[in-house]
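K.L.:
all I have is the shape, not the residue letters:
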């Protein structure tokens with residue numbers, strides 16, 4: 001659910017950045033998705049995990065928070081479009097949308113790496129989601 005939500009948000013904010021989406025309509029979708037992801041973040045905090053996975057679990061939560069910051073940044077870009085002294089072709093909202101898009105995208109990519117590590121983890125194995133660990137998994141597989 002979280003990954004699909006982030007994927008659609010990433011596409012939406014990218015469309016804003018390319019001026020292919022209406023900021024007013026996008027703002028409604030951004031706010032609804034922010035609420036859904038806030039609820040998901042709350043449920044993650046109550047989830048229990050083996051002690052070895054606490055670091056990865058915390059990093060997953062931090063990445064989700066990064067994605068939420070990206071959503072808020074994109075919402076701010078939508079809000080800027082309503083300021084009375086802004087010309088219609090103003091570039092400032094694009095900066096917010098670009099930053100928001102990158103935050104959502106990078107958070108989603110990192111969360112995918114973490115999930116892959118969590119799903120393949122076995123007791124007694126190190127719980128690492130580093131580049132070196134990923135390269136080791138590729139070489140073994």
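P.N.:
Received it, and whenever you're ready, just let me know what you need. Since the structure is predicted, the reported quantities are computational estimates derived from the model, not experimental observations.
K.L.:
alpha carbons only for contacts and neighbour counts from here, please
P.N.:
OK.
K.L.:
mean confidence for the helix or strand containing residue 61?
P.N.:
Assigned by DSSP states H and E, residue 61 belongs to helix 54-80. Mean per-residue pLDDT for helix 54-80: 93.
K.L.:
next secondary structure after it?
P.N.:
Next along the chain from helix 54-80, counting by DSSP H and E, comes helix 92-120.
K.L.:
so which bits of the helix holding residue 61 are buried?
P.N.:
Neighbour-count burial for helix 54-80, counted by 16 or more other C-alpha atoms under 10 Å, picks out 56-57, 59-61, 63-78, 80.
K.L.:
which secondary structure elements does it contact?
P.N.:
helix 2-17, helix 23-45, helix 92-120 (3 or more C-alpha pairs under 8 Å, 6 or more residues apart in numbering; DSSP states H and E).
K.L.:
which of the ones you listed sits closest to residue 51?
P.N.:
helix 92-120 (12.5 Å; C-alpha to C-alpha).
K.L.:
quick one: distance of that closest one to the chain centre.
P.N.:
4 Å (C-alpha atoms, centre = their mean, to the nearest Å).
K.L.:
next one: stretch 20-29
P.N.:
Per C-alpha atoms, centre = their mean, the centroid offset for stretch 20-29 relative to its chain is 18 Å.
K.L.:
then stretch 33-50?
P.N.:
13 Å.
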